[in-house]
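*Asks:* Predicted coordinates and the sequence they were generated for:
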Amino acid sequence: MGAEYADIVLPAATWGEDNFTRCNSERRLRLYSKFYDAPGDAKPDWWAVQKFAHKMGFSSYDWKNSNDVFEEAARFGRNGVLNYHPLVVKAKELRTPAQELLRTYGTGGIQTPIRMKDGKLIGTPRLHDPANDWDEIEGPEVKRQWLHAFNTHSGKAILLKSPWKFAGWIQFYDAVKPRAEKSEIWVTNGRINETWQSGFDDLRKPYMSQRWPYPFLIVHPNDAKKKGIESGDFVQVHNDTVYVQTGQPQGVLDADLNFNNLMKDGHIKTTEGQFVAVAIVSDEMREGVAMGNFNFPGAPANSVVSAVPDPVTNNYRYKLGRGVLTNAIRESHSPGCLPVFFCRVDKHVVGWLRTPYRPSSRALEGIRKELTAKDLKTTIVAYSTDVSDVGYMFVSVAVRARKDRRSDALRAKLRPAWIKVPLLRSGAWTGASKPHHCKLGR
């Protein structure tokens, strides 16, 4: 990806190939130690920044190692909740690098902001805690009210009551809740512990992509039974009414920013969204609620979620998706047909289908002709096969819109497309004569 977009690509050392420090979401500062030399000419990020700075004529940036960067950065965070400046001061007193002093705190690290008491470094487990109000301040620090109180007149937190019928909430909720007449259910989203974020980086690693090769959808057994879905089946989730707020509307009254008025004033457009995932049938989900992989590349569960921010906090309500579940294979329109599902990846529209057989080159050519015969004004970029290790065959067909066509319009036209493939024609398919019964999932 870097080579595609960047003018210069520098080989960078990753974690484990240099010492570096990090604070997590609970402000826990830890040292991540180097345990392996960087390959080839790969260098740490600080080295690249330093070389650019020197080339541009800036003085300083005279770091020798990552500890120099860690110590220099400390003075810039002294007024915030990530303040670790006292640790650097203490390290200088002990005549040891600050990273080495941090190493003594082990894998638990120390929570910032760090302060000094009786000559010892003390972390802060909880902010706004009256127990943090010390009489005496040691070291190069000043007293900060937010350590022991909230920034209010009384010093106590103000909790805003939000009734269920509050117009800023209930109007949106009524618009996006599942519609019984369409057999929709809630489709929330989340992630799995083994994969970082959406998998944008982990999916390139064979040992990760083999463990979770496809996006998942966890479905309650009763919901799965209604749709004829079993663990390992490919399931399409489709929401034909997705609300998207366009721009930041201006209003005089509070009601101007509520859902109904935003719709009336033309600040919300209606579109649709869908994704395809592998079903995992489990009673860990509540009936009427399914959970998808929140932002899996090419098949994000967020695509069935309305993008209208909360008028009070201005945060999007990404957990409130809905959709109709369809078994991608069993709902085939007729014998000998297979579904091809499409999604946009960068400037391309990518379609793929699942078959229980290994297709021959003649069958692949038939798929290509079938797609081009649908008068979709598309150009076949590539089509390839990938044999999974569970007995199924996956055929991927990449389709690109011509210059006079928008990918969004093409994607809408192709959702979903059913193409005839010669499943039972002699010589068209090689491999097993009957479908395997292996399933993806747990």
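*Replies:* Sure, I can see it.
*Asks:* in what helix or strand does E4 lie?
*Replies:* Using DSSP states H and E, E4 maps to helix 2-5.
*Asks:* Please point out which parts of the helix or strand that that helix is followed by sit buried.
*Replies:* Where DSSP H and E defines the elements, the next helix or strand beyond helix 2-5 is strand 20-23. By 16 or more other C-beta atoms under 10 Å, the buried positions in strand 20-23 come out as 20-21, 23. Placement of C-beta: from N, CA and C, glycine included.
*Asks:* pLDDT averaged over stretch 59-75, what's the number?
*Replies:* Mean pLDDT, computed over stretch 59-75, is 94.
*Asks:* what's the span of that stretch, first residue to last?
*Replies:* 18 Å (C-alpha to C-alpha, to the nearest Å).
*Asks:* how far is that stretch from where the chain is centred?
*Replies:* Computed by C-alpha atoms, centre = their mean, to the nearest Å, the chain-centroid distance of stretch 59-75 equals 32 Å.
*Asks:* what comes up buried for that stretch?
*Replies:* With burial defined by 16+ other C-beta under 10 Å, the residues of stretch 59-75 counted as buried are 61, 63, 66-71, 74.
*Asks:* Dump the buried residues of strand 20-23 into JSON lines; add distance to F259 and pLDDT as well.
*Replies:* Shown next, in JSON lines, are the buried residues of strand 20-23 (distance: C-beta to C-beta, whole Å; pLDDT from 0 to 100):
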{"residue": "F20", "distance to F259": "45", "pLDDT": "92"}
{"residue": "T21", "distance to F259": "44", "pLDDT": "95"}
{"residue": "C23", "distance to F259": "37", "pLDDT": "93"}
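*Asks:* ok, of those, which one's closest to V49?
*Replies:* F20 (13.3 Å; C-beta to C-beta).
*Asks:* my read: the closest one touches Y32, true?
*Replies:* Yes. Contact status for F20 versus Y32: in contact at 5.4 Å, counting by C-beta atoms under 8 Å.
*Asks:* Need the single longest strand in this protein, by residues.
*Replies:* Longest strand in the chain, counting residues (DSSP state E): strand 268-281.
*Asks:* Quick check: neighbours of it in the sheet, parallel or antiparallel?
*Replies:* Sheet pairing for strand 268-281, assigned by DSSP bridges, gives strand 216-219 (parallel), strand 234-245 (antiparallel).
*Asks:* CA atoms only for that strand, dumped as CSV, please.
*Replies:* C-alpha atoms of strand 268-281 as CSV (Å, rounded to 0.1, in the frame of the first residue of the first chain):
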residue,chain,number,x,y,z
ILE,A,268,-30.5,13.4,6.0
LYS,A,269,-30.4,11.2,2.9
THR,A,270,-31.6,7.6,2.7
THR,A,271,-29.5,4.8,1.2
GLU,A,272,-29.0,1.1,1.8
GLY,A,273,-26.2,-1.2,3.0
GLN,A,274,-25.3,-4.8,3.2
PHE,A,275,-22.5,-7.1,4.0
VAL,A,276,-21.9,-10.9,3.9
ALA,A,277,-20.4,-12.9,6.8
VAL,A,278,-19.9,-16.4,8.0
ALA,A,279,-22.5,-17.4,10.6
ILE,A,280,-21.6,-18.5,14.1
VAL,A,281,-24.8,-19.8,15.8
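*Asks:* Which positions in it come out as buried?
*Replies:* Within strand 268-281, the residues that qualify as buried are 268, 273-281, counting by 16+ other C-beta under 10 Å.
*Asks:* Between all of these, which two are separated the most?
*Replies:* I268 and V281 (35.1 Å).
*Asks:* Please name the residues that touch the nearest residue to T271 once chain neighbours are set aside.
*Replies:* Using C-beta to C-beta, 6 or more residues apart in numbering and skipping the chain neighbours, the partner closest in space to T271 is V242 (5.1 Å). Shown in contact with V242 (C-beta atoms under 8 Å, 6 or more residues apart in numbering): 270-273, 303-307.
*Asks:* and with 10 Å instead?
*Replies:* By C-beta atoms under 10 Å, 6 or more residues apart in numbering, V242 lies in contact with 176, 269-274, 303-308, 321-323.
*Asks:* any low-confidence regions in the protein?
*Replies:* 1-3, 329-442 (pLDDT under 70).
*Asks:* rerun at 80
*Replies:* 1-5, 140, 193-194, 196-214, 247-251, 297-298, 328-442 (pLDDT under 80).
*Asks:* And what about the residue positioned nearest the centre of the chain, helix, strand or coil?
*Replies:* Of all residues in the chain, the one closest to the mean position by C-alpha atoms, centre = their mean is S198, 3.2 Å from it. For S198, the assignment made with DSSP: H, G, I helix; E, B strand; the rest coil gives coil.
*Asks:* how much space is there between A53 and S59?
*Replies:* As judged by C-beta to C-beta, to the nearest Å, A53 and S59 stand 9 Å apart.
*Asks:* Ok, R27 next?
*Replies:* R27 is 33 Å from S59, by C-beta to C-beta.
*Asks:* Confirm E181 sits in a helix?
*Replies:* Yes. The assignment for E181 by three-state DSSP puts it in a helix.
*Asks:* Can you tell me how far it is from V324?
*Replies:* With distances taken as C-beta to C-beta, E181 is found 11 Å from V324.
*Asks:* Please parse this protein into its domains.
*Replies:* The record's domain parsing of the chain by automatic domain parsing lists 2-147, 167-327, 337-430.
*Asks:* Reformat those as TSV; add distance to K156.
*Replies:* Below are the domains of the chain laid out as TSV (distance: least, C-beta to C-beta, whole Å):
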stretch	distance to K156
domain 2-147	9
domain 167-327	21
domain 337-430	49
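*Asks:* Nearest residue to G273 in space, please, no chain neighbours.
*Replies:* Closest residue to G273 apart from its sequence neighbours, by C-beta to C-beta, 6+ apart: S303 at 3.6 Å.
*Asks:* For burial, what's the neighbour tally of that neighbour?
*Replies:* S303 sits with 23 neighbouring residues when counted by other C-beta atoms under 10 Å.
*Asks:* what's the answer for I122, then?
*Replies:* 17.
*Asks:* excluding its backbone neighbours, what's nearest it?
*Replies:* Closest to I122 by C-beta to C-beta, 6+ apart is R115, at 5.2 Å.
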